[in-house]
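Enquirer: Model the following, please.
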Amino acid sequence: MDRRFRFRRVANYINLATPLGLLISIIGGASRRPGPNGLILAFGYRYRFPIAGAFTVGNVVLTRSDSLSDRLILHEGRHATQWAWCVGLPMLPLYLLAMLVSVMLCGHQAFNVFERLANLEDGGYPRVPLWWKRGGCSRG
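Expert: Numbers count the residues shown, from 1 in each chain. Presented below is the predicted three-dimensional model:
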């Protein structure tokens, strides 16, 4: 494993994000298995929140499905790196704030800085124009 992914794995254990992700996967009834670059893939998460194809807490990628595309794993891996850089748990309020700002700007996650840095398309998000660039007040 590349040094940067080893660093990310250690950082996310120390900052308690990965242990939190493991706890969420246990509570959510997900089965865990090792993934690429130090990620832990947790399949079969049983809750409908959050509404996403997958979500990441520390180095744990949780999903309700039984498989993930390579592009989505890359996207979620970038979120794992964001958890490390945000020093763990501060990532939650920062992400929620970014989501709120994005919804206010365009009604979607398309302007969430964390999703943009993780590559919107890899995460399955469309590029949505800002409200005021759509012509009129429609939410289209």
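
Enquirer: Go over the secondary structure and confirm residue 47 is in a strand.
Expert: No: going by DSSP: H, G, I helix; E, B strand; the rest coil, the assignment for residue 47 is coil, not a strand.

Enquirer: Can you name the residues that contact it?
Expert: By Cβ atoms under 8 Å, 6 or more residues apart in numbering, the contact set of residue 47 is residue 28. C-beta coordinates here come from the backbone N, C-alpha and C atoms, glycine included.

Enquirer: any weak-confidence spans in the chain?
Expert: Within the chain, the ranges that satisfy pLDDT under 70 run 135-140.

Enquirer: could you pull out the helices for it?
Expert: 3-14, 17-27, 70-85, 91-106, 113-117 (DSSP state H).

Enquirer: Can you say which of the ones you listed is nearest to residue 35?
Expert: In terms of Cβ to Cβ, the element of the helices of the chain nearest to residue 35 is helix 70-85, at 6.5 Å.
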